[in-house]
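Undergrad: No sequence on hand, only this structure:
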């Protein structure tokens, strides 16, 4: 695709006016929830609720039928009982609406007669030139356009870099809170449901062209048109990383996917081959998918697999080392030259054998600046795994009672650490090598939050950081092959 | 072991008086941190700081040498520079101290001459009849005794059921915050360091006898005396579940462990065989270790591997189903009888094929009581994986604006949900079958917190809940073999 505006998805993600067909004032009703959350996001366009009887919904004037709306909306979000969907779509078509998100379920995924109803939708859409997402989907979120058709409120601060396409609506909406834990967010989130019209491939094509999307995440239950999918996926993965979770490789996962979105699954071997061919990284859980997206969407590619684990805590260092090797990374023993440089900067009890383990120290300049600089400079190192043991709350309790020559108050400590974190992030950008952190603290720790906001992913465990760096290495090698096919 | 009081560890975990040798008033000093946290936990015994020059430390009278302390302390915590440790231990011996925690590092893990120094410690201890943990460890925490020798403060509310023995101090101390995220806690936490005297086996023996310990967690870098270890482990695993993480099976993990605690590792195959023989469940990350401990420490054993996935969210249901089958569980299609019972309780769009997927509903009585009861009653079901989609914050925003017949305020909703959760927990106890939840919400969600506090583990993702239930099934089968060896 040359221009993102050529995508059938563009008007769905950037409407200037929306009809919400099936809105109401009752909490038991999905349409009411959707309308309320759409408005909570300060969407700047017009919203037209549609309901057969109500005159006013959530303070907005309501219309009995799409055809009664005074303007032609760019998009219709349809959330009405299954049997009514075809006639609503017909009415939208007559009005001149050319894009729809069909939230209602009960189609192909429910067996006959849902299959017949789904065919009806396609022929109505074909007649009017309507392109649509769904049915049986949760819709879309586009934070940059302050647009959200889902049932969950989106935090406007989470204007992220992850473009996600999912056969499950939950893996869009319920990820809002999951991503928030790490300061991440979607650039675009699309729940495709049964893919009667617009399918995974069309969404991948769109996300490949979307500039705010730095990495593409996929949740797949099964494919309808594999040929088209492979071509699109390969093109996208040559431009930006693609991470896919596939649940159809087991008997139970396959059955679940079929009941859920009418998906037709295939064996693990088949999908693994397909992913490898396209340069796609597979994740085996949703947590892993977002871990991988975080690292692949923020870190530069790797030249080779030589990694240093740097820690001031022995156990997490050993766990990272073990997980890194299992993930296909190599921890070389540091060169004599590197060891000599490090020897100036580490406590007497430290180990320099990779992991570089400082053991106990409170010299944060060495931890956060001097040692990372030496490691980033080292020609024998392609990437760094760094464990962060920072606990300001604990430190503040100590500062209250103990003599503290370097910083007398916790505020002074936080200013000092903040400056060191900024310098670390600057250094990291300069050297163009991946640096992946981990910690058992959370984002409520100021230094962790700052590092994350400055582009250094800090994952919630050493093993997860190692696996994500392993995924970056695998993508780096596949990317070379995709872009330089000699 | 017949009586827990016979364990050399008992006086270390339950001292009535402690000398902290190497305490000071400076934040740069590890001994100062330890003393401060020990006091912050309201330890009821006597504390005697020891320092060569200071007369007062953190408001307590300090002594120049252990021999000057007016009473004989039950325990000495030693955190002084490496070369001084032997003479301090000698002085403790002369005083009559018979238990020690040696925090200082720089011994066997640091190569020669540390190895020589470690032998010196053993011969001094032998001469005086001192039993000790360490050197190169973080010490112990025993919430029931309000006793904590580590560098991190322990939240007294976290009086848990997990007994942990670790070759890494970090996997005791830094887990305090990790466990807090889930409302969990240690019953006893022991960092064994170099295991010069008291080793992993002695700790496992102790935890096997500890009544507050419902499950034993192990972090292993390598074993010194495998024979002894196997015997003890087998005995413990016949009494309660044991979950072990082992990092020495890779070249990098093995090297890391050796630098860290002087551990001698072996191949994955060797350790997997050993674990299988003893009935121990292996975890491949620290997160997984605590996930498994949570489920194995709270849930009844399984008769067989037939599991139902119950969800009101399709994607998480499919992900749980896929992960469950990969973890060795079986998702049978529900019997006609079960389907008929469920049909009365589910919305029209629901799927009954296992996963039981309700799709969209706000009928919480069906979700939290009626359907779980039917599943717990079903003779063809050995365990339940249940996904929780609850978001009170979102709901409260809707209640403000929408008509809500069932509950007019969020407080009314929370009272209503709270009662349903209590009934669910009661039912769960009655039927004696494992129920493992998952959610992408956190413990800040009232209903999730309540379920967890009532004994239903709610893991942070569907895949993690499935893997943990798989671990429970494997342990159930091994336990049968261990206790009934026909």
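TA: Good, I have the coordinates. Just so you know, these numbers come straight off a predicted model, no measurement behind them.

Undergrad: Count the residues that sit near residue A:353.
TA: Other residues within reach of residue A:353, judged by other Cβ atoms under 10 Å in any protein chain shown, total 18. Bear in mind the C-beta positions are built from the backbone N, C-alpha and C, glycine included.

Undergrad: pretty sure it is touching residue B:255, no?
TA: Yes - contact status for residue A:353 versus residue B:255: in contact at 5.8 Å, counting by Cβ atoms under 8 Å.

Undergrad: so what sits against both of the two?
TA: Both residue A:353 and residue B:255 are in contact with residue A:333, where contact means Cβ atoms under 8 Å, 6 or more residues apart in numbering or on different chains.

Undergrad: Could you list the domains of chain A?
TA: Partitioning chain A according to automatic domain parsing yields domains covering residues A:4-133, A:140-298, A:307-481.

Undergrad: The residue in the stretch 101-250 of chain A positioned nearest to chain B: what's its closest spatial neighbour, skipping adjacent residues?
TA: Across the stretch 101-250 of chain A, the shortest distance to chain B (Cβ to the nearest Cβ) belongs to residue A:168, at 2.4 Å. Excluding its sequence neighbours, the residue lying closest to residue A:168 (Cβ to Cβ, 6 or more residues apart in numbering or on different chains) is residue B:315, at 2.4 Å.

Undergrad: so what's that neighbour up against?
TA: Under the criterion of Cβ under 8 Å, 6+ apart, the contact partners of residue B:315 comprise A:166, A:167, A:168, A:169, A:170, A:171, A:219, A:260, A:286.

Undergrad: repeat that for 7 Å
TA: By Cβ atoms under 7 Å, 6 or more residues apart in numbering or on different chains, the contact list for residue B:315 reads A:166, A:168, A:170, A:171, A:219.

Undergrad: same deal with residue A:322?
TA: Taking Cβ under 7 Å, 6+ apart as the criterion, residue A:322 is in contact with B:247, B:249, B:250, B:252, B:253.

Undergrad: ok, now with 10 Å
TA: The contact partners of residue A:322, by Cβ atoms under 10 Å, 6 or more residues apart in numbering or on different chains, come to A:309, A:331, A:462-463, A:466, B:221, B:245-257, B:265, B:268, B:284-285.

Undergrad: cool, and residue A:276?
TA: By Cβ under 10 Å, 6+ apart, the residues touching residue A:276 are A:282, A:474, A:478.

Undergrad: again, but for residue A:241
TA: Residue A:241 touches A:214-217, A:279-281, A:292-293, A:295-297, A:299, A:301, A:471-472, A:475-476, A:478-479, counting by Cβ under 10 Å, 6+ apart.

Undergrad: Among those residues, which ones are in helices?
TA: A:292, A:293, A:295, A:296, A:297, A:471, A:472, A:475, A:476, A:478, A:479 (DSSP state H).

Undergrad: Let me have those in JSON lines, extended by pLDDT, neighbour count and distance to residue B:100.
TA: Conversion of the ones in helices among the contacts of residue A:241 to JSON lines gives the following (pLDDT from 0 to 100; neighbours: other Cβ atoms under 10 Å in any protein chain shown; distance: Cβ to Cβ, whole Å):
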{"residue": "A:292", "pLDDT": "98", "neighbour count": "29", "distance to residue B:100": "46"}
{"residue": "A:293", "pLDDT": "98", "neighbour count": "29", "distance to residue B:100": "49"}
{"residue": "A:295", "pLDDT": "98", "neighbour count": "27", "distance to residue B:100": "44"}
{"residue": "A:296", "pLDDT": "98", "neighbour count": "28", "distance to residue B:100": "49"}
{"residue": "A:297", "pLDDT": "98", "neighbour count": "23", "distance to residue B:100": "50"}
{"residue": "A:471", "pLDDT": "98", "neighbour count": "24", "distance to residue B:100": "45"}
{"residue": "A:472", "pLDDT": "98", "neighbour count": "26", "distance to residue B:100": "46"}
{"residue": "A:475", "pLDDT": "97", "neighbour count": "25", "distance to residue B:100": "51"}
{"residue": "A:476", "pLDDT": "97", "neighbour count": "21", "distance to residue B:100": "50"}
{"residue": "A:478", "pLDDT": "94", "neighbour count": "21", "distance to residue B:100": "54"}
{"residue": "A:479", "pLDDT": "93", "neighbour count": "18", "distance to residue B:100": "55"}
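
Undergrad: that older thread, want to throw the domains of chain A into a markdown table with distance to residue B:199?
TA: Putting the domains of chain A into a markdown table (distance: least, Cβ to Cβ, whole Å) gives the following:
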| stretch | distance to residue B:199 |
| --- | --- |
| domain A:4-133 | 57 |
| domain A:140-298 | 35 |
| domain A:307-481 | 17 |
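
Undergrad: can you give me how far stretch A:297-312 is from the chain middle?
TA: With Cα atoms, centre = their mean, to the nearest Å as the basis, the distance from the averaged C-alpha position of stretch A:297-312 to the chain average is 21 Å.
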